[in-house]
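S.K.: after the sequence you'll find the predicted model.
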Amino acid sequence: MDFMVPAGIRLDLGDGSMCLPNEIRVMLHGRRQIFSDKARPVCVGEHLTVEIAGSVELPLRLREADNEKLWLTRGQCWLPTLLKGPGRLRYLHITNLSSRALILQRDVQIGLQLSGDHVPRLDNQVSYRWDRAGMRNGKH
């Protein structure tokens, strides 16, 4: 058949995803980002293996400005935490929460640095400032 029947699939080309009727979100591949000048993805940069209940620290050199925010991506079985180092150096602490060894490829996106008041529309992204404020208030 050469035709398609609408099935309730929602396309969100702003963040490059489609949402199926049962609320499963699928990321589209091979597209140009709309906000490429305002969003910079932060990737692992190297192949990592994290043992069961283990963690690793990655040094990050981020360009910091008052109007830029770093959004961290939580995985299904890993949790990132941003730690301050000396000067501008930041460390990303990734903890494995699963019962299996975790393998992160070098191109896995672990965060997104946005300028202005842009907020990513992905469910698994949280601002590290919000996350730290929630931890101080005892909400985690």
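M.R.: Received the coordinates, thanks. These figures come from a predicted structure and were not determined experimentally.

S.K.: just the mean pLDDT for the helix or strand hosting Arg90, thanks.
M.R.: When elements are defined using DSSP states H and E, Arg90 is found to belong to strand 89-96. This predicted structure assigns strand 89-96 an average pLDDT of 92.

S.K.: sheet partners, orientation included, of the next helix-or-strand element following it?
M.R.: In the C-terminal direction, the helix or strand that comes right after strand 89-96 (DSSP H and E) is strand 102-104. For strand 102-104, sheet partners with direction are given as strand 48-50 (antiparallel), following DSSP bridges.

S.K.: ok, back up a step: check which helices and strands the strand holding Arg90 sits against.
M.R.: strand 48-50, strand 55-61, strand 78-84, strand 109-115 (3 or more C-beta pairs under 8 Å, 6 or more residues apart in numbering; DSSP states H and E). Using the backbone N, CA and C atoms, a C-beta is placed for each residue, glycine as well.

S.K.: how does it look with 10 Å?
M.R.: Other elements packing on strand 89-96 under the criterion 3 or more C-beta pairs under 10 Å, 6 or more residues apart in numbering; DSSP states H and E are strand 48-50, strand 55-61, strand 68-73, strand 78-84, strand 102-104, strand 109-115.

S.K.: check which residues of the third one are buried.
M.R.: Of the residues in strand 68-73, those with enough neighbours to count as buried (16 or more other C-beta atoms under 10 Å) are Lys69, Leu70, Trp71, Leu72, Thr73.
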